[in-house]
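**Student:** the following block contains a protein sequence and its predicted model.
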Amino acid sequence: MLTIASIGQRSTILIHRKDQKVLLKVARVKSKLKVSSSSYRPLPSIIAPFVQVLSSSRTCQSYYQDNSSIGTLRRLHTSFQISSSSGAPQSGSLAVPNAIRRRDELWKQEKERQSSLRSKHGPVTVHFPDGSSKQQIDANTTFASLITQDSINPIVGIYLDNGSLVELSRSLGEFGPKDVTITRYIYFQDTEGKQMFWHTSAHVLGGAVEMLHFPQWDSESLTHLKSVPIDTKRVSKESLSERLVPLLDDGPPLSDPPGGFYYDFHLPTHLKEDSFEKLEKLAIQSFVKRKFPIERLSVSRSFALDMFSYNPFKVALINKIPKSETIALYKCGPFIDLCKGPHLPNVSLIGSFKLLRGSGAYWQGHSENPYLQRLYAISFPTKDQFEQWKTLREEAERRDHRAIGKAQSLFMFHEFSPGSPFFLPHGTKIFNKLIETMRSEYVTRGYDEIVTPLIFDKRLWQTSGHWDHYRENMFLIKGGDDDDDKIAKKIVEGHSSSGCSHHSHAEGETEEPFSTGLKPMNCPGHCLTFKAESKSYRDLPVRYSDFSSLHRNEAKGTLTGLTRVRRFHQDDAHIFCTPEQIEAELHGVMDMVEHLYGRVFGFPYEIFVSTRPESSMGSDEEWSNAEQALMSAVKSVGRQFTINAGDGAFYGPKIDFIVTDALHRKHQCATIQLDFQLPQRFGLTYVAADGTKKVPVIIHRAVMGSIERMFAMLCEHYAGKWPFWLSPRQIAICTVSEKHVEYAKDLLNQLKKDFNVELFMDDQKLPNKIRLAQMAQFNYILVVGNNEMEEKTISVRQRDGTQLGSMKLESLHSHFETVLADWK
Ligand SMILES: [Zn+2]
Ligand SMILES: [Zn+2]
């Protein structure tokens, strides 16, 4: 609906929607407009430029077009637009705004200026990864022109011998006065390659969105027929139409999987899915097919601020770039964007470009900011690769643990406790089985399980360092003993006769209101346990395991199924040992990891050893011994590893295990972390053989990591077809008719001690019962009818339909035993 608002000293913008009316009060305070309403907060400053435009025109129109309900002002921001012509602007009908023309003009001027300044550079010798080299090459030659491309597996970037990742569009002269050595080619399949590919594609999406709004920009800018004179005064007081340009915010690539990229926009109109096809077409026809190169220009901060002065979002991005960093602009056909890079040399390498979905996000993630439209998309060198990706995504959705968890009634969530899973009876069976698996390992590997508190006084968190460094991630609690004491003391102190409630006194309290916190980790509690009794070297190593609930205050918006939760459990353990024992202990942990991942779960994994960072505590000797011990432990199980140099925590080096699941997705699970610091913070000691007091080392270790995340991973890895040992539904007994119920119950009683077994004995027909049992993923289906009852046998079939024939209960038992032994 359209509403006319006249902006005077004090005006009202009336926005109609169906039978609702929303009033915004607009007041002119000095030269600025203040927009407010009794029920809404004032417009945030980012929108202020839009509103100020209103004042210069005296009369204008605003419209609200959103089919969702008017809830808050921030919903209005996205659709609250100012129109220069009568009626709502039509998508694609806008004149190319001066700011956009000017952007192009400024680029050309700056490029010419920079090339005239470029000093003459002698010829360069280039060395290629295969050992060959080319001499006497002009320094202005780009890397791209030296490389032969393959359309199916294109080279998207290169590594130079100084370790830097370089775009193919850069010229040789920028990297060496005489010799330039390429050490490695980056292909699309490489992690960096995908990032470069999708980074570049995000620019194409940005360009396509601009072009969707002013199609004539296409022909004008591409041919460069018109050179638009720049009137800087006019630009600084832009006309209304200038504000109708799509304002682009940020467009980053996403990590793989799922991969792809998105771009956030503030648009004059709400883009719906019917625009997707148009945008894809524009991306392909107006960019990819035209084989635009990606040109780069490093510019001064003031230049960048000037070029993007029409866009408050880009201005904010520029202002966020540290002073020490170069500001780079990238041009792809008519589209110029602020970006760090690196990018492809040319958009023609994009063979497939698909819009996936639209959504929205608050600018910079704050709900008081404008709501931006977000478009998700993905691109590949070939169409086949997109098809493969799509198949894999569909498979991933089919395997999504949230869907399987619901279908199999394994777990649920409730808004009254976000991010805290409820495990239902069948899910609890899996959860307990995972813990039981670790417990049985602990028995043979010399761990002691302990049970420790969930809530601790803040003094514990101050000692461990969590109070200073981790508090935002913790759930803090009011009303510990300390708080009660304080309140009681206040009441006694001179206020006893006043009769006022103690709440009014507590209000004046300026101290930290929280005195306790729910534990996010077990380590500090384990330190208290270790310290409670004096220890000698003969007592070490002490290995405490703990399956306690842990709580971390993750932002509500980031919570996802069982993989990102607020409450979780770990197969956590802390080994307190002497420095001499580190190596043997690490061997033990490595062996356990190998056993669990290699044998029990069958997950392939990679190992990363992170070494001493620049700022760290502990002596050179301690670090070098610890790093050696970590590496030798990895080697002891015959595994390769990658060193992440300088990536260790300041308190010690670590080993990370990255698991690859059935869908080639990588998950960080097990970790082994050496810690020199915590024992010192807690003043832990043991009496050494020579009678002196020494500080033990702590090894933090988790093999499964979070049980909840492992649950999710296994669910997706097995696609809900749980292996027999872990299955919450191992055996279904299906009766042919009512006559066989007694016999079936008898079997149930004999099996339920050892297995998860259920009866299917309602009045459905047998094939239906079998189908239901198969759909519920029972590993074995036992059928009992007349023959079975008479001969005291069972007819056995597996989940996949394989018939094992009829057998006696004893032989079925021994069959199960063999199957289970396979998993141990
Ligand atoms: Zn980019
Ligand atoms: Zn720990």
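**Tutor:** Now that the structure is in, tell me what you want to look at. Ligands and ions are numbered 1, 2, ... in the order given.

**Student:** contacts only, for the closest residue to ligand 1 within the stretch 201-350 of the chain.
**Tutor:** Closest residue of the stretch 201-350 of the chain to ligand 1, C-beta to the ion: residue 339 (3.4 Å). Every residue, glycine included, has its C-beta placed from N, CA and C. Contact analysis of residue 339 by C-beta atoms under 8 Å, 6 or more residues apart in numbering lists 199, 203, 328, 329, 330.

**Student:** I'd say residue 517 and residue 476 touch.
**Tutor:** Yes - Residue 517 lies in contact with residue 476 (C-beta atoms under 8 Å); the separation is 4.7 Å.

**Student:** who has more neighbours, those two?
**Tutor:** residue 517 (24 against 18; other C-beta atoms under 10 Å).

**Student:** who does the more buried one form a beta bridge with?
**Tutor:** Following DSSP bridges, residue 517 is listed with bridge partners residue 456, residue 476.

**Student:** residues contacting it?
**Tutor:** Counted by C-beta under 8 Å, 6+ apart, residue 517 has contacts 455, 456, 458, 461, 466, 471, 474, 475, 476, 477.

**Student:** for stretch 539-549, C-alpha coordinates in CSV please.
**Tutor:** Extracted C-alpha coordinates of stretch 539-549, given in CSV (Å, rounded to 0.1, in the frame of the first residue of the first chain):
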residue,chain,number,x,y,z
ASP,A,539,50.8,-42.5,42.7
LEU,A,540,51.3,-41.1,39.2
PRO,A,541,50.0,-41.2,36.6
VAL,A,542,46.6,-40.4,37.9
ARG,A,543,43.9,-40.8,35.2
TYR,A,544,40.5,-39.2,36.0
SER,A,545,37.7,-39.8,33.6
ASP,A,546,34.4,-38.0,33.9
PHE,A,547,31.1,-38.0,31.9
SER,A,548,29.6,-35.0,33.6
SER,A,549,27.2,-32.6,31.9
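
**Student:** shouldn't residue 263 be within a strand?
**Tutor:** Yes - with DSSP: H, G, I helix; E, B strand; the rest coil as the criterion, residue 263 is located in a strand.

**Student:** next, count neighbours for the closest residue to it other than its chain neighbours.
**Tutor:** Distances taken as C-beta to C-beta, 6 or more residues apart in numbering put residue 251 closest to residue 263, at 3.5 Å, once the chain neighbours are dropped. By other C-beta under 10 Å, the residues close to residue 251 number 24.

**Student:** just the pLDDT at residue 251, thanks.
**Tutor:** Note on residue 251: pLDDT of 91.

**Student:** the chain should start at 46 in everything you say after this.
**Tutor:** That works, and once the first residue is 46, the last one we named lands at residue 296.

**Student:** residue 167 - nearest residue in space that isn't next to it in sequence?
**Tutor:** The nearest residue in space to residue 167 (C-beta to C-beta, 6+ apart) is residue 184, at 6.8 Å.

**Student:** which residue packs closest to residue 609, ignoring adjacent ones?
**Tutor:** Spatial nearest neighbour of residue 609, excluding adjacent residues (C-beta to C-beta, 6+ apart): residue 603 at 5.6 Å.

**Student:** would you mind listing what in the stretch 446-595 of the chain touches ligand 2?
**Tutor:** Within the stretch 446-595 of the chain, the positions near ligand 2 by C-beta under 5 Å from the ion are residue 568.

**Student:** let's see that with 6 Å instead.
**Tutor:** Taking C-beta under 6 Å from the ion, the part of the stretch 446-595 of the chain that reaches ligand 2 is made up of 566, 567, 568.

**Student:** can you tell me the residue of the stretch 396-545 of the chain closest to ligand 1?
**Tutor:** Closest point on the stretch 396-545 of the chain to ligand 1, by C-beta to the ion, is residue 424, at 12.9 Å.

**Student:** partner strands of the one helix or strand that residue maps to and their direction?
**Tutor:** Here residue 424 sits within strand 416-425, counting by DSSP states H and E. When pairing is defined by DSSP bridges, strand 416-425 lines up against strand 306-311 (antiparallel), strand 397-407 (antiparallel).

**Student:** from the contact counts, what lies against the next helix or strand after it?
**Tutor:** The helix or strand immediately downstream of strand 416-425 is helix 428-444, counting by DSSP H and E. When contacts are defined as 3 or more C-beta pairs under 8 Å, 6 or more residues apart in numbering; DSSP states H and E, helix 428-444 packs onto strand 397-407, strand 416-425, helix 752-762.
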